[in-house]
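Colleague: Sharing a sequence plus its predicted fold:
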Amino acid sequence: MSQERAIAVAGRQRSHKLSTDRLIAKLAARQVGRVSRWQLLAYGVSEAEIRSRIASGLLLSERPGVYAVGYQASGARERWATALLAIGIHSILSNFASAAAHGFLTPAPWVVDVTTPKRLPSRPGIRIHTREIHPAEQWRLGDLPLTSPAQTLFDLGRSMSAQRHAKTANQAFVETDLTLYDLYLVMERNPRRKGTKAFRRLLATLDPEGREIRSPPEGRLNAFLRARGFPPWQQNVPLLIGTDRIVPDVLWSEQRVTVEYDGRDPHLAPVTFVSDRRRDRRLQAEGWHPVRATAADLGAGAEEFDADLRVLLGL
């Protein structure tokens, strides 16, 4: 082979190697730094190229047929991504793993729950659930497929005590946009499935009076009040203040305290901001104590908000 031809062949080989490495890096970037053998083969990477990259340390074995690209980490997200790739296409995080990914269960369990429609043998560190999940309850959180908060709570009912199930649900209201409507909807989407009895028990605990909750923020506010044991309140009851009809999110009529959840939308829109302040002024003029709660009050500032509200209620 002439020197010129040898240089040209070497150049093509380097170009192919670079394009293959870029393909692997691009795939890994969508999957928390993980790729699977079946994916690489599907993209045209040969067995020899896979072996070569294992030998060079570019592909680091996590599980049989699943590789970390360039580095290894053992955080929860990496474990979830590895488990999903090990089970394969159509797999989805569920149960305890999904609850941890949504942020309403901590710490994240070491064993990863994965649901798939195909019956598969168990794997070390992976708990496999075989069933179909309604398409509307299949979510994505960044690069991870997982069950919706409502579906996750339905699935957890068979694995938790009633008390822990209710506590986990309350945390789900605080951490996500979950509403009671979502819970009733997921019940309709899981007819005659095991776990229905536990889920009905949860609904009876969360919504004993069948209150109508109009928005996700109201759901989080209700969850906060329930979790902290506040006395019974009224929900969305209209008050006639002069000629104004005001409907607070929550009120205690005897103590004359109202609570409104202030989110970025719509309460901080300029026109609504002005009308909200007028409402508060009118309520105060009639002897009410209007309180505005924000996401921070139900999160990092929860203890202070709890204490202030108890003072107003005389608790």
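Modeller: All right, it came through fine.
Colleague: Tell me where the stretch 201-315 of the chain has strands.
Modeller: For the stretch 201-315 of the chain, applying DSSP state E, counting those that start in this stretch gives strands covering 234-235, 239-241, 244-246, 250-252, 257-261, 289-293.
Colleague: So which of those is nearest Thr205?
Modeller: Ranking those by distance to Thr205, with Cβ to Cβ as the measure, places strand 234-235 first at 16.3 Å. C-betas here are computed from N, CA, C, even on glycine.
Colleague: need the next SSE after the least confident helix or strand in the chain by mean pLDDT, C-terminal direction.
Modeller: Every helix and strand in the chain was compared by mean pLDDT, DSSP states H and E; the lowest is helix 3-29, with a mean of 58. Moving toward the C-terminus from helix 3-29, the next helix or strand (DSSP states H and E) is strand 34-36.
Colleague: how far away is Gln31 from Lys167?
Modeller: Gln31 sits at a distance of 33 Å from Lys167 (criterion: Cβ to Cβ, to the nearest Å).
Colleague: Who has more neighbours out of those two?
Modeller: Higher neighbour count among Gln31 and Lys167: Gln31, with 19 against 14, using other Cβ atoms under 10 Å.
Colleague: can you tell me which residues contact the residue positioned nearest the centre of the chain?
Modeller: Centroid-nearest residue in the chain, with Cα atoms, centre = their mean: His102, separated by 2.4 Å. Going by Cβ atoms under 8 Å, 6 or more residues apart in numbering, His102 touches 141, 146, 149, 152, 172, 175-176.
Colleague: Closest one of the residues you listed to Thr243?
Modeller: Looking across the contacts of His102 and measuring by Cβ to Cβ, the closest to Thr243 is Thr176, at 38.6 Å.
Colleague: Isn't that closest one up against Ala101?
Modeller: No - Thr176 is beyond contact range of Ala101, at 10.8 Å (criterion: Cβ atoms under 8 Å).
Colleague: So between the two, which is more surrounded?
Modeller: Neighbours were counted for Thr176 and for Ala101 using other Cβ under 10 Å; Ala101 has more, 23 against 19.
Colleague: just checking, that one is part of a helix?
Modeller: Yes - assessed by DSSP: H, G, I helix; E, B strand; the rest coil, Ala101 belongs to a helix.
Colleague: tell me the contacts of Thr176?
Modeller: For Thr176, the contact set (Cβ under 8 Å, 6+ apart) comprises 102-104, 149.
Colleague: tell me the two of those that are most distant?
Modeller: Maximum distance among the contacts of Thr176 (Cβ to Cβ): 9.5 Å, for Gly103 and Pro149.
Colleague: my guess is Phe305 contacts Ala295, does it?
Modeller: No - under the criterion of Cβ under 8 Å, Phe305 makes no contact with Ala295, lying 11.0 Å away.
Colleague: More neighbours: which of the two?
Modeller: Counted by other Cβ under 10 Å, Phe305 and Ala295 do not tie: Phe305 has more neighbours, with 20 against 15.
Colleague: Now do the same contact list for that one.
Modeller: 293, 297-298 are the contacts of Phe305 under Cβ under 8 Å, 6+ apart.
Colleague: Turn those residues into a markdown table, including pLDDT and distance to Ala48.
Modeller: Shown next, in a markdown table, are these (pLDDT from 0 to 100; distance: Cβ to Cβ, whole Å):
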| residue | pLDDT | distance to Ala48 |
| --- | --- | --- |
| Ala293 | 88 | 61 |
| Asp297 | 85 | 60 |
| Leu298 | 80 | 56 |
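Colleague: between those residues, which is closest to Ala136?
Modeller: Looking across these and measuring by Cβ to Cβ, the closest to Ala136 is Leu298, at 26.7 Å.
Colleague: Is the closest one in contact with Arg220, as I believe?
Modeller: Yes - at 5.8 Å, Leu298 counts as touching Arg220 under the criterion of Cβ under 8 Å.
Colleague: Spell out which residues are contacts of both of those two.
Modeller: Shared contacts of Leu298 and Arg220, defined by Cβ under 8 Å, 6+ apart, comprise Val174.
Colleague: Looking at those two, which has the bigger crowd around it?
Modeller: Higher neighbour count among Leu298 and Arg220: Arg220, with 26 against 22, using other Cβ under 10 Å.
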